[in-house]
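K.L.:
Build the 3D model from these lines:
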Amino acid sequence: MKSDLIIKELIKNSPKTKKELNIFKKQIAIQTHSSFLPSRKLLKDYLEYTTKHKLTKDKDLINLLKTGNVRSISGVTVITVSTKPYKCPGECIYCPQQKDIPKSYLDNEPAIMRAQRNNFSAYKQTKERLNTLIQNGHETDKIEIIVVGGTWSYLPKKYQTKFIKQCFDACNQKLSINLKHAQKLNESAKHRIVGLTIETRPDYIDQKEIIQLRKLGVTRVEIGVQTIYDEILEFNKRGHLKKETIKATQLLKDAGFKVCYHIMPNLPKSNFQTDIQLIKDLFNKQEYQPDMLKIYPCMVLKEAPLYDLYVKNQYQSYTDKELIDLLTQYLQIIPYYCRIQRMIRDIPTPSIISGSKISNLREVIENKSKQEKLNIKEIRYREVKDNFQENEIPQMFIEKYSASNGTEYFLSFENKNRTIIYSILRLRLPSSKTHFLKELNNSAIIREVHTYGRAIELHKKTLSAQHKGLGSKLLNKAEQIAKENQYNKIAVISGVGVRSYYRKFNYTLEGTYMVKNI
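P.N.:
Residues are numbered from 1 along each chain as shown. Modelled structure (predicted):
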(Lines give C-alpha, C1' and ligand atoms only; values in the text may rest on other atoms or scores of the structure.)
Protein backbone atom coordinates (compact mmCIF):
# COMPACT_ATOMS: atom_id res chain seq x y z
CA MET A 1 0.00 0.00 0.00
CA LYS A 2 1.43 3.39 -1.00
CA SER A 3 2.03 5.98 1.69
CA ASP A 4 -0.72 8.30 0.33
CA LEU A 5 -3.28 5.50 0.67
CA ILE A 6 -2.10 4.74 4.20
CA ILE A 7 -2.46 8.40 5.20
CA LYS A 8 -5.96 8.50 3.66
CA GLU A 9 -6.86 5.52 5.84
CA LEU A 10 -5.24 7.19 8.84
CA ILE A 11 -7.33 10.34 8.34
CA LYS A 12 -10.47 8.25 7.83
CA ASN A 13 -9.86 6.21 11.01
CA SER A 14 -8.75 9.26 13.02
CA PRO A 15 -7.42 7.33 16.06
CA LYS A 16 -7.78 9.21 19.35
CA THR A 17 -5.73 7.03 21.70
CA LYS A 18 -2.50 5.02 21.61
CA LYS A 19 -4.61 1.85 21.68
CA GLU A 20 -6.64 2.95 18.64
CA LEU A 21 -3.43 3.95 16.85
CA ASN A 22 -1.88 0.53 17.50
CA ILE A 23 -5.02 -1.18 16.16
CA PHE A 24 -4.71 0.92 13.00
CA LYS A 25 -1.02 0.05 12.64
CA LYS A 26 -1.83 -3.65 13.05
CA GLN A 27 -4.49 -3.49 10.32
CA ILE A 28 -2.06 -1.79 7.93
CA ALA A 29 0.66 -4.35 8.76
CA ILE A 30 -1.74 -7.21 7.93
CA GLN A 31 -2.85 -5.60 4.67
CA THR A 32 0.71 -4.85 3.55
CA HIS A 33 2.30 -8.03 4.97
CA SER A 34 4.87 -5.91 6.77
CA SER A 35 5.84 -4.85 10.28
CA PHE A 36 4.29 -2.01 12.29
CA LEU A 37 4.88 1.43 10.81
CA PRO A 38 6.75 3.65 13.28
CA SER A 39 4.83 6.73 14.45
CA ARG A 40 7.66 8.95 13.21
CA LYS A 41 7.18 7.66 9.64
CA LEU A 42 3.39 8.10 9.83
CA LEU A 43 3.82 11.64 11.14
CA LYS A 44 6.27 12.58 8.40
CA ASP A 45 3.95 11.21 5.69
CA TYR A 46 0.90 12.83 7.30
CA LEU A 47 2.51 16.28 7.40
CA GLU A 48 3.70 15.97 3.80
CA TYR A 49 0.30 14.72 2.58
CA THR A 50 -1.76 17.43 4.31
CA THR A 51 0.62 20.14 3.12
CA LYS A 52 0.58 18.85 -0.46
CA HIS A 53 -3.22 18.67 -0.57
CA LYS A 54 -3.74 21.86 1.49
CA LEU A 55 -5.71 20.03 4.18
CA THR A 56 -6.23 21.24 7.74
CA LYS A 57 -3.85 19.45 10.05
CA ASP A 58 -5.38 17.59 12.99
CA LYS A 59 -3.37 18.79 16.03
CA ASP A 60 -4.67 15.93 18.22
CA LEU A 61 -3.54 13.36 15.68
CA ILE A 62 -0.15 15.07 15.38
CA ASN A 63 0.27 14.96 19.17
CA LEU A 64 -0.65 11.27 19.14
CA LEU A 65 2.01 10.54 16.54
CA LYS A 66 4.74 12.63 18.15
CA THR A 67 7.79 10.90 19.57
CA GLY A 68 9.66 12.23 22.59
CA ASN A 69 6.52 14.02 23.82
CA VAL A 70 8.18 14.95 27.11
CA ARG A 71 10.39 17.44 25.28
CA SER A 72 7.54 19.89 24.76
CA ILE A 73 5.02 18.93 27.44
CA SER A 74 6.23 21.56 29.94
CA GLY A 75 5.50 24.58 27.76
CA VAL A 76 8.84 24.94 25.94
CA THR A 77 10.89 22.74 23.66
CA VAL A 78 14.36 21.84 24.91
CA ILE A 79 17.51 21.67 22.80
CA THR A 80 20.71 20.40 24.44
CA VAL A 81 24.09 21.33 22.94
CA SER A 82 27.57 20.46 24.13
CA THR A 83 30.75 22.52 24.24
CA LYS A 84 33.96 21.05 22.87
CA PRO A 85 36.29 19.06 25.17
CA TYR A 86 38.17 21.43 27.41
CA LYS A 87 40.35 21.09 30.46
CA CYS A 88 38.34 21.00 33.69
CA PRO A 89 39.58 22.56 36.95
CA GLY A 90 38.06 19.76 39.01
CA GLU A 91 39.54 16.43 40.16
CA CYS A 92 36.34 14.79 41.45
CA ILE A 93 36.84 11.07 42.04
CA TYR A 94 33.41 10.09 40.68
CA CYS A 95 33.82 12.03 37.41
CA PRO A 96 34.58 10.09 34.19
CA GLN A 97 37.09 11.35 31.66
CA GLN A 98 37.53 10.11 28.11
CA LYS A 99 39.87 11.38 25.45
CA ASP A 100 38.27 14.01 23.17
CA ILE A 101 35.07 14.05 25.25
CA PRO A 102 33.97 16.84 27.66
CA LYS A 103 34.82 15.83 31.22
CA SER A 104 32.01 14.14 33.19
CA TYR A 105 30.39 12.97 29.94
CA LEU A 106 30.70 9.76 27.91
CA ASP A 107 30.95 9.20 24.18
CA ASN A 108 27.78 7.05 24.10
CA GLU A 109 25.43 9.66 25.58
CA PRO A 110 22.93 10.96 22.97
CA ALA A 111 23.79 14.68 23.33
CA ILE A 112 27.52 13.96 23.11
CA MET A 113 27.09 11.68 20.11
CA ARG A 114 25.19 14.48 18.36
CA ALA A 115 27.93 16.95 19.31
CA GLN A 116 30.65 14.68 17.94
CA ARG A 117 28.69 14.17 14.74
CA ASN A 118 28.71 17.95 14.30
CA ASN A 119 32.34 18.52 15.38
CA PHE A 120 31.02 20.26 18.51
CA SER A 121 29.69 23.16 16.42
CA ALA A 122 26.92 24.90 18.36
CA TYR A 123 25.33 26.03 15.10
CA LYS A 124 25.22 22.54 13.58
CA GLN A 125 24.04 20.89 16.82
CA THR A 126 21.19 23.37 17.23
CA LYS A 127 20.17 23.16 13.58
CA GLU A 128 20.16 19.35 13.57
CA ARG A 129 18.07 19.19 16.75
CA LEU A 130 15.63 21.80 15.45
CA ASN A 131 15.11 19.85 12.23
CA THR A 132 14.53 16.61 14.15
CA LEU A 133 12.01 18.23 16.48
CA ILE A 134 10.13 19.76 13.56
CA GLN A 135 10.06 16.42 11.73
CA ASN A 136 8.65 14.79 14.87
CA GLY A 137 5.82 17.33 15.02
CA HIS A 138 6.98 19.45 17.96
CA GLU A 139 6.28 23.17 18.13
CA THR A 140 9.57 25.05 18.04
CA ASP A 141 8.40 28.63 18.58
CA LYS A 142 9.71 28.64 22.15
CA ILE A 143 13.11 27.05 22.62
CA GLU A 144 15.11 26.49 25.77
CA ILE A 145 18.82 25.97 25.07
CA ILE A 146 20.71 23.88 27.63
CA VAL A 147 24.49 23.96 27.30
CA VAL A 148 26.36 20.97 28.71
CA GLY A 149 30.00 19.97 28.60
CA GLY A 150 31.45 20.66 32.02
CA THR A 151 32.41 23.90 33.78
CA TRP A 152 31.13 26.65 31.46
CA SER A 153 32.75 29.44 33.48
CA TYR A 154 36.22 27.94 32.89
CA LEU A 155 35.94 28.31 29.11
CA PRO A 156 37.56 31.30 27.35
CA LYS A 157 35.14 34.23 27.09
CA LYS A 158 35.63 34.55 23.32
CA TYR A 159 34.68 30.90 22.87
CA GLN A 160 31.61 31.37 25.09
CA THR A 161 30.40 34.33 23.03
CA LYS A 162 30.97 32.53 19.73
CA PHE A 163 29.22 29.39 20.97
CA ILE A 164 26.09 31.21 22.17
CA LYS A 165 25.97 33.38 19.03
CA GLN A 166 25.91 30.19 16.94
CA CYS A 167 22.92 28.91 18.94
CA PHE A 168 21.06 32.14 18.21
CA ASP A 169 22.12 32.11 14.54
CA ALA A 170 20.74 28.58 14.10
CA CYS A 171 17.41 29.55 15.67
CA ASN A 172 17.30 32.78 13.64
CA GLN A 173 18.07 30.82 10.46
CA LYS A 174 20.52 33.52 9.43
CA LEU A 175 24.01 34.65 10.37
CA SER A 176 24.51 37.85 12.34
CA ILE A 177 27.43 40.24 12.75
CA ASN A 178 27.79 39.70 16.50
CA LEU A 179 25.98 38.25 19.52
CA LYS A 180 24.04 41.42 20.30
CA HIS A 181 22.74 41.52 16.74
CA ALA A 182 21.80 37.83 16.92
CA GLN A 183 19.86 38.44 20.14
CA LYS A 184 17.99 41.36 18.59
CA LEU A 185 17.00 39.23 15.60
CA ASN A 186 15.79 36.47 17.89
CA GLU A 187 13.22 38.75 19.53
CA SER A 188 11.04 38.27 16.45
CA ALA A 189 12.43 35.02 15.00
CA LYS A 190 10.36 31.92 14.27
CA HIS A 191 12.39 29.91 16.80
CA ARG A 192 12.75 32.17 19.83
CA ILE A 193 15.16 31.31 22.62
CA VAL A 194 13.06 31.89 25.74
CA GLY A 195 15.54 30.31 28.16
CA LEU A 196 19.29 29.71 28.18
CA THR A 197 20.93 27.41 30.72
CA ILE A 198 24.59 26.71 31.49
CA GLU A 199 26.36 24.36 33.94
CA THR A 200 29.16 25.56 36.20
CA ARG A 201 30.79 25.20 39.61
CA PRO A 202 29.75 27.33 42.61
CA ASP A 203 33.34 28.47 43.19
CA TYR A 204 33.36 30.11 39.73
CA ILE A 205 30.41 32.41 40.44
CA ASP A 206 31.25 36.03 41.28
CA GLN A 207 30.05 39.47 40.18
CA LYS A 208 32.23 39.48 37.07
CA GLU A 209 30.91 36.08 36.00
CA ILE A 210 27.30 37.17 36.51
CA ILE A 211 27.83 40.20 34.26
CA GLN A 212 29.23 37.87 31.57
CA LEU A 213 26.34 35.42 31.90
CA ARG A 214 23.81 38.21 31.45
CA LYS A 215 25.56 39.50 28.33
CA LEU A 216 25.20 36.02 26.87
CA GLY A 217 21.49 35.92 27.73
CA VAL A 218 21.70 33.18 30.36
CA THR A 219 18.56 32.88 32.51
CA ARG A 220 19.22 29.69 34.49
CA VAL A 221 22.42 28.45 36.12
CA GLU A 222 22.94 24.85 37.16
CA ILE A 223 25.65 24.51 39.76
CA GLY A 224 27.39 21.30 40.71
CA VAL A 225 26.71 21.29 44.44
CA GLN A 226 26.70 17.48 44.90
CA THR A 227 26.44 17.81 48.70
CA ILE A 228 26.63 20.52 51.38
CA TYR A 229 28.80 18.61 53.85
CA ASP A 230 32.44 19.70 53.76
CA GLU A 231 33.96 16.41 54.88
CA ILE A 232 32.25 14.58 51.99
CA LEU A 233 33.21 17.30 49.50
CA GLU A 234 36.83 17.09 50.61
CA PHE A 235 37.02 13.30 50.40
CA ASN A 236 35.58 13.37 46.87
CA LYS A 237 38.09 16.09 45.85
CA ARG A 238 35.30 18.39 44.75
CA GLY A 239 37.51 21.47 45.09
CA HIS A 240 35.00 23.71 46.86
CA LEU A 241 33.13 23.73 50.18
CA LYS A 242 29.60 24.64 51.21
CA LYS A 243 30.51 28.32 51.71
CA GLU A 244 31.05 28.69 47.93
CA THR A 245 27.62 27.17 47.29
CA ILE A 246 25.99 29.58 49.75
CA LYS A 247 27.71 32.61 48.22
CA ALA A 248 26.96 31.57 44.62
CA THR A 249 23.30 30.90 45.42
CA GLN A 250 22.74 34.39 46.85
CA LEU A 251 24.62 36.15 44.03
CA LEU A 252 22.64 34.28 41.40
CA LYS A 253 19.25 34.78 43.02
CA ASP A 254 19.89 38.49 43.62
CA ALA A 255 20.67 38.82 39.90
CA GLY A 256 17.40 37.04 39.05
CA PHE A 257 18.72 33.72 37.80
CA LYS A 258 16.80 30.52 38.32
CA VAL A 259 19.09 28.27 40.36
CA CYS A 260 19.29 24.53 39.81
CA TYR A 261 21.44 22.35 42.07
CA HIS A 262 23.02 19.14 40.88
CA ILE A 263 23.11 16.85 43.90
CA MET A 264 24.65 13.40 44.19
CA PRO A 265 23.36 10.96 46.80
CA ASN A 266 25.41 7.81 47.52
CA LEU A 267 28.75 9.65 47.36
CA PRO A 268 31.73 7.97 49.06
CA LYS A 269 31.72 8.81 52.80
CA SER A 270 27.98 9.53 52.74
CA ASN A 271 25.22 7.11 53.75
CA PHE A 272 21.45 6.72 53.54
CA GLN A 273 20.64 8.84 56.60
CA THR A 274 23.07 11.57 55.57
CA ASP A 275 21.47 11.67 52.13
CA ILE A 276 18.02 12.07 53.70
CA GLN A 277 19.38 14.86 55.89
CA LEU A 278 20.87 16.49 52.79
CA ILE A 279 17.47 17.06 51.19
CA LYS A 280 16.02 18.31 54.48
CA ASP A 281 18.85 20.80 54.99
CA LEU A 282 18.60 22.06 51.41
CA PHE A 283 15.06 23.26 52.00
CA ASN A 284 15.01 23.98 55.73
CA LYS A 285 18.07 26.23 55.66
CA GLN A 286 17.49 29.61 54.03
CA GLU A 287 21.00 29.81 52.56
CA TYR A 288 20.22 27.05 50.02
CA GLN A 289 16.64 26.46 48.79
CA PRO A 290 17.24 25.87 45.07
CA ASP A 291 14.42 26.44 42.59
CA MET A 292 15.21 23.19 40.82
CA LEU A 293 17.13 19.98 41.36
CA LYS A 294 18.89 17.47 39.19
CA ILE A 295 19.47 14.34 41.20
CA TYR A 296 22.35 12.25 39.92
CA PRO A 297 22.85 9.20 42.19
CA CYS A 298 26.53 8.29 42.19
CA MET A 299 27.49 5.59 39.69
CA VAL A 300 30.72 3.69 39.24
CA LEU A 301 32.17 4.15 35.76
CA LYS A 302 35.39 2.56 34.58
CA GLU A 303 36.62 5.97 33.35
CA ALA A 304 36.48 7.54 36.86
CA PRO A 305 38.92 7.25 39.81
CA LEU A 306 36.04 5.94 41.96
CA TYR A 307 36.35 2.67 40.05
CA ASP A 308 39.56 1.87 41.96
CA LEU A 309 37.77 2.25 45.31
CA TYR A 310 34.99 0.01 44.05
CA VAL A 311 37.44 -2.71 42.95
CA LYS A 312 39.05 -2.59 46.43
CA ASN A 313 35.59 -2.99 48.06
CA GLN A 314 35.90 0.48 49.58
CA TYR A 315 32.70 1.76 47.94
CA GLN A 316 29.27 0.22 47.55
CA SER A 317 26.28 1.49 45.55
CA TYR A 318 22.74 1.56 46.90
CA THR A 319 20.56 -1.34 45.82
CA ASP A 320 17.64 -0.41 43.55
CA LYS A 321 15.30 -0.85 46.53
CA GLU A 322 17.36 1.53 48.67
CA LEU A 323 17.57 4.13 45.91
CA ILE A 324 13.83 3.97 45.20
CA ASP A 325 13.13 4.35 48.92
CA LEU A 326 15.51 7.32 49.15
CA LEU A 327 14.07 9.17 46.16
CA THR A 328 10.49 8.45 47.23
CA GLN A 329 11.29 10.15 50.55
CA TYR A 330 12.88 13.03 48.60
CA LEU A 331 9.63 13.53 46.68
CA GLN A 332 7.72 13.89 49.94
CA ILE A 333 10.15 16.52 51.31
CA ILE A 334 10.50 18.78 48.24
CA PRO A 335 8.38 21.96 48.73
CA TYR A 336 5.84 23.52 46.36
CA TYR A 337 8.33 25.89 44.76
CA CYS A 338 10.92 23.33 43.61
CA ARG A 339 10.96 21.31 40.39
CA ILE A 340 12.96 18.11 40.04
CA GLN A 341 14.39 18.28 36.54
CA ARG A 342 15.93 14.82 36.63
CA MET A 343 16.09 11.88 39.01
CA ILE A 344 18.93 9.94 37.45
CA ARG A 345 21.80 10.62 35.06
CA ASP A 346 21.09 9.39 31.53
CA ILE A 347 24.15 7.14 31.29
CA PRO A 348 23.86 4.17 28.89
CA THR A 349 23.59 0.88 30.77
CA PRO A 350 26.75 -0.76 29.29
CA SER A 351 28.87 1.99 30.86
CA ILE A 352 27.55 1.47 34.41
CA ILE A 353 29.80 -0.79 36.47
CA SER A 354 27.83 -0.28 39.68
CA GLY A 355 24.70 1.75 40.39
CA SER A 356 21.10 1.71 39.25
CA LYS A 357 20.38 0.66 35.67
CA ILE A 358 16.66 1.41 35.84
CA SER A 359 16.24 3.72 32.85
CA ASN A 360 12.69 4.78 33.81
CA LEU A 361 13.49 5.34 37.49
CA ARG A 362 11.38 8.48 37.75
CA GLU A 363 8.34 6.70 36.34
CA VAL A 364 8.81 3.84 38.82
CA ILE A 365 9.02 6.26 41.76
CA GLU A 366 6.08 8.39 40.63
CA ASN A 367 3.91 5.31 40.11
CA LYS A 368 4.85 4.10 43.58
CA SER A 369 3.93 7.51 45.01
CA LYS A 370 0.53 7.42 43.29
CA GLN A 371 -0.20 3.88 44.47
CA GLU A 372 0.65 4.84 48.04
CA LYS A 373 -1.32 8.11 47.68
CA LEU A 374 1.59 10.18 48.89
CA ASN A 375 1.28 13.96 49.12
CA ILE A 376 3.78 15.18 46.52
CA LYS A 377 4.26 18.94 46.18
CA GLU A 378 7.18 19.02 43.72
CA ILE A 379 6.31 20.94 40.54
CA ARG A 380 7.00 18.45 37.75
CA TYR A 381 4.89 15.77 39.44
CA ARG A 382 1.93 18.19 39.41
CA GLU A 383 2.34 19.87 36.00
CA VAL A 384 -0.86 19.99 33.97
CA LYS A 385 0.74 18.32 30.90
CA ASP A 386 -2.16 17.29 28.61
CA ASN A 387 -4.73 17.27 31.43
CA PHE A 388 -6.08 20.81 31.03
CA GLN A 389 -9.85 21.00 31.51
CA GLU A 390 -11.69 24.05 30.16
CA ASN A 391 -14.20 23.92 33.02
CA GLU A 392 -11.48 24.08 35.68
CA ILE A 393 -11.07 27.51 37.29
CA PRO A 394 -7.41 27.90 38.33
CA GLN A 395 -6.84 29.43 41.77
CA MET A 396 -3.91 31.63 42.75
CA PHE A 397 -1.67 30.54 45.62
CA ILE A 398 1.22 32.48 47.20
CA GLU A 399 4.11 30.90 49.09
CA LYS A 400 6.36 33.37 50.92
CA TYR A 401 9.69 32.26 52.34
CA SER A 402 13.09 33.63 53.35
CA ALA A 403 15.95 32.56 51.10
CA SER A 404 19.59 33.62 50.69
CA ASN A 405 19.05 36.70 52.89
CA GLY A 406 16.17 37.90 50.73
CA THR A 407 12.45 37.21 50.48
CA GLU A 408 10.91 34.95 47.85
CA TYR A 409 7.31 34.88 46.68
CA PHE A 410 6.26 31.81 44.75
CA LEU A 411 3.02 32.64 42.94
CA SER A 412 1.09 29.91 41.17
CA PHE A 413 -2.18 29.04 39.49
CA GLU A 414 -3.32 25.56 40.50
CA ASN A 415 -6.51 23.56 40.92
CA LYS A 416 -8.18 23.90 44.31
CA ASN A 417 -6.59 20.72 45.72
CA ARG A 418 -3.12 21.81 44.54
CA THR A 419 -2.64 18.53 42.70
CA ILE A 420 -2.37 20.21 39.27
CA ILE A 421 -0.25 23.27 38.57
CA TYR A 422 -0.83 25.50 35.55
CA SER A 423 1.43 28.52 35.85
CA ILE A 424 4.10 29.93 38.18
CA LEU A 425 6.01 33.14 38.91
CA ARG A 426 9.08 33.57 41.13
CA LEU A 427 9.42 37.05 42.65
CA ARG A 428 12.46 38.03 44.72
CA LEU A 429 12.96 40.93 47.07
CA PRO A 430 16.78 40.83 47.08
CA SER A 431 19.14 40.82 50.06
CA SER A 432 19.95 44.51 49.42
CA LYS A 433 18.30 47.35 47.48
CA THR A 434 21.75 48.36 46.22
CA HIS A 435 23.05 46.15 43.42
CA PHE A 436 26.28 45.97 41.43
CA LEU A 437 24.06 45.86 38.31
CA LYS A 438 22.70 49.40 38.19
CA GLU A 439 19.47 48.36 36.46
CA LEU A 440 18.63 46.28 39.56
CA ASN A 441 19.10 49.09 42.09
CA ASN A 442 15.99 49.42 44.28
CA SER A 443 14.27 46.78 42.17
CA ALA A 444 12.24 43.71 42.95
CA ILE A 445 13.02 41.02 40.43
CA ILE A 446 10.95 38.41 38.66
CA ARG A 447 13.13 35.35 38.23
CA GLU A 448 10.70 33.17 36.31
CA VAL A 449 7.29 33.22 34.65
CA HIS A 450 6.25 29.87 33.23
CA THR A 451 2.97 28.35 32.08
CA TYR A 452 2.96 24.58 31.79
CA GLY A 453 1.14 22.28 29.40
CA ARG A 454 1.92 21.35 25.84
CA ALA A 455 3.99 23.90 23.95
CA ILE A 456 1.73 25.48 21.34
CA GLU A 457 2.33 27.92 18.55
CA LEU A 458 2.55 31.58 19.54
CA HIS A 459 -0.79 33.45 19.42
CA LYS A 460 -2.77 30.21 19.02
CA LYS A 461 -5.58 29.30 21.42
CA THR A 462 -6.04 25.57 21.98
CA LEU A 463 -6.99 23.15 24.71
CA SER A 464 -3.91 23.96 26.79
CA ALA A 465 -3.05 26.00 29.88
CA GLN A 466 -0.92 28.16 27.61
CA HIS A 467 -2.14 31.48 26.18
CA LYS A 468 -4.96 31.81 28.72
CA GLY A 469 -3.69 34.99 30.40
CA LEU A 470 -2.45 33.23 33.54
CA GLY A 471 1.05 34.69 33.15
CA SER A 472 -0.25 38.28 32.90
CA LYS A 473 -2.36 37.83 36.05
CA LEU A 474 0.68 36.58 37.95
CA LEU A 475 2.67 39.53 36.59
CA ASN A 476 0.07 41.99 37.91
CA LYS A 477 0.13 40.33 41.34
CA ALA A 478 3.95 40.45 41.45
CA GLU A 479 3.90 44.18 40.67
CA GLN A 480 1.38 44.70 43.46
CA ILE A 481 3.56 42.83 45.98
CA ALA A 482 6.62 44.85 44.93
CA LYS A 483 4.71 48.12 45.47
CA GLU A 484 3.51 47.00 48.88
CA ASN A 485 7.14 46.39 49.82
CA GLN A 486 8.18 49.95 48.81
CA TYR A 487 9.98 49.08 45.58
CA ASN A 488 9.76 51.71 42.86
CA LYS A 489 10.55 49.36 39.99
CA ILE A 490 10.47 45.72 39.03
CA ALA A 491 12.81 43.84 36.68
CA VAL A 492 12.47 40.58 34.79
CA ILE A 493 15.38 38.32 33.83
CA SER A 494 13.69 37.72 30.50
CA GLY A 495 14.90 35.28 27.90
CA VAL A 496 15.80 37.15 24.72
CA GLY A 497 12.91 35.57 22.83
CA VAL A 498 10.34 36.72 25.41
CA ARG A 499 11.20 40.42 25.51
CA SER A 500 8.33 41.33 23.19
CA TYR A 501 5.88 39.72 25.65
CA TYR A 502 6.96 42.04 28.47
CA ARG A 503 6.85 45.10 26.22
CA LYS A 504 3.08 44.57 26.04
CA PHE A 505 2.99 45.31 29.77
CA ASN A 506 5.11 48.48 29.50
CA TYR A 507 8.44 46.90 30.37
CA THR A 508 11.48 48.30 28.58
CA LEU A 509 14.98 46.93 28.07
CA GLU A 510 17.55 48.29 30.53
CA GLY A 511 20.92 46.62 30.30
CA THR A 512 19.95 42.96 29.92
CA TYR A 513 16.70 43.08 31.95
CA MET A 514 13.14 44.08 31.12
CA VAL A 515 12.31 46.83 33.64
CA LYS A 516 9.16 48.70 34.63
CA ASN A 517 8.75 51.68 36.95
CA ILE A 518 5.93 51.04 39.38
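K.L.:
How much space separates the spatially most central residue of the chain from residue 19?
P.N.:
Nearest to the geometric centre of the chain sits residue 341, at 6.0 Å (CA atoms, centre = their mean). Going from residue 341 to residue 19 by CB to CB, to the nearest Å gives 31 Å. Where you see a C-beta, it was placed from the backbone N, CA and C, and this is true even at glycine.
K.L.:
about what we covered before: how about the nearest residue to the residue nearest to the centre of the chain, chain neighbours excluded?
P.N.:
Leaving aside its sequence neighbours, residue 341 sits nearest to residue 294 (CB to CB, 6 or more residues apart in numbering; 4.9 Å).
K.L.:
what helices or strands is the helix-or-strand element of the chain with minimal mean pLDDT leaning on?
P.N.:
Every helix and strand in the chain was compared by mean pLDDT, DSSP states H and E; the lowest is helix 59-65, with a mean of 76. Contacts defined by 3 or more CB pairs under 8 Å, 6 or more residues apart in numbering; DSSP states H and E place helix 59-65 against helix 18-32, helix 39-52.
K.L.:
Next secondary structure after it?
P.N.:
Using DSSP states H and E, the helix or strand that follows helix 59-65 towards the C-terminus is strand 77-82.
K.L.:
List the buried residues in whichever helix or strand comes after that following strand.
P.N.:
Following strand 77-82 in sequence order, the next helix or strand is helix 110-117 (DSSP H and E). Burial within helix 110-117, assessed by neighbour count using 16 or more other CB atoms under 10 Å, is assigned to 111, 112, 114, 115, 116.
K.L.:
Figure out which of the helices and strands packed on helix 59-65 is closest to residue 305.
P.N.:
Smallest distance to residue 305 across those (CB to CB): 40.7 Å, for helix 39-52.
K.L.:
On the three-state scheme, the residue nearest to the centre of the chain is what?
P.N.:
Three-state assignment for residue 341 (DSSP: H, G, I helix; E, B strand; the rest coil): strand.
K.L.:
Verify the stated contact: residue 276 with residue 328.
P.N.:
No - counting by CB atoms under 8 Å, residue 276 stays clear of residue 328, with 11.0 Å between them.
K.L.:
can you give me phi and psi for residue 296?
P.N.:
Backbone dihedrals for residue 296, given as degrees, to the nearest 10, come out at phi -120, psi 80.
K.L.:
Same question for residue 450.
P.N.:
phi -150, psi 130.
K.L.:
what about it, how many neighbours?
P.N.:
For residue 450, the neighbour count with other CB atoms under 10 Å is 23.
K.L.:
dump the residue contacts of it.
P.N.:
Each residue near residue 450 by CB atoms under 8 Å, 6 or more residues apart in numbering is listed here: 75, 423, 424, 425, 471.
K.L.:
mind running it again at 6 Å?
P.N.:
Going by CB atoms under 6 Å, 6 or more residues apart in numbering, residue 450 touches residue 424.
K.L.:
burial of residue 313, as a residue count?
P.N.:
7.
K.L.:
so how far is stretch 174-182 from its chain's centroid?
P.N.:
Chain-centre distance of stretch 174-182: 25 Å, with CA atoms, centre = their mean, to the nearest Å.
K.L.:
With stretch 274-285 instead?
P.N.:
Per CA atoms, centre = their mean, the centroid offset for stretch 274-285 relative to its chain is 22 Å.
K.L.:
start the count at 34, not 1, going forward
P.N.:
OK, 34 is where the count begins now, so the last one is stretch 307-318.
K.L.:
which other residues reach that stretch?
P.N.:
In contact with stretch 307-318 (CB under 6 Å, 6+ apart) are residues 260, 298, 321, 322, 359, 363, 366, 368.
K.L.:
ok, which pair from the residues you listed is furthest apart?
P.N.:
Pairwise distances across these peak at 20.3 Å for 322 and 359 (criterion: CB to CB).
K.L.:
sorry, back to before: pull out the buried residues from the least confident helix or strand of the chain.
P.N.:
For helix 92-98, the neighbour count (16+ other CB under 10 Å) marks 92, 94, 95, 96, 97, 98 as buried.
K.L.:
Reformat those residues as TSV; add distance to residue 126.
P.N.:
Below are these laid out as TSV (distance: CB to CB, whole Å):
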residue	distance to residue 126
92	50
94	51
95	47
96	45
97	46
98	45
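K.L.:
Show me which of the residues you listed is closest to residue 431.
P.N.:
For the buried residues of helix 92-98, the nearest to residue 431 is residue 96 (32.9 Å; CB to CB).
K.L.:
so how many other residues sit close to the residue nearest to residue 521 when sequence neighbours are not counted?
P.N.:
In space, and not counting its chain neighbours, residue 521 is closest to residue 475: 5.8 Å by CB to CB, 6+ apart. Residue 475: 13 surrounding residues under other CB under 10 Å.
K.L.:
Is it correct that residue 475 is in contact with residue 467?
P.N.:
No - here residue 475 does not reach residue 467: they are 7.8 Å apart, not a contact under CB atoms under 6 Å.
K.L.:
mind listing what residue 126 touches?
P.N.:
269, 270, 338, 339.
K.L.:
go on, residue 147?
P.N.:
residue 158.
K.L.:
Roughly how far does it sit from residue 483?
P.N.:
Counting by CB to CB, the gap from residue 147 to residue 483 is 26 Å.
K.L.:
tell me the domain ranges of this structure?
P.N.:
36-98, 107-233, 256-415, 428-550 (automatic domain parsing).
K.L.:
if I've got this straight, the residue nearest to residue 374 is in a strand?
P.N.:
Yes - using three-state DSSP, the secondary structure at residue 327 is a strand.
K.L.:
Which pLDDT value goes with it?
P.N.:
Residue 327 carries a pLDDT value of 98.
K.L.:
Turn the helices and strands packed on helix 92-98 into JSON lines, including mean pLDDT and distance to residue 165.
P.N.:
Shown next, in JSON lines, are the helices and strands packed on helix 92-98 (pLDDT from 0 to 100; distance: least, CB to CB, whole Å):
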{"stretch": "helix 51-65", "mean pLDDT": "78", "distance to residue 165": "21"}
{"stretch": "helix 72-85", "mean pLDDT": "78", "distance to residue 165": "10"}
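K.L.:
For residue 406, which of the ones you listed is the nearest?
P.N.:
Nearest of those to residue 406, taken as CB to CB: helix 51-65 at 25.8 Å.
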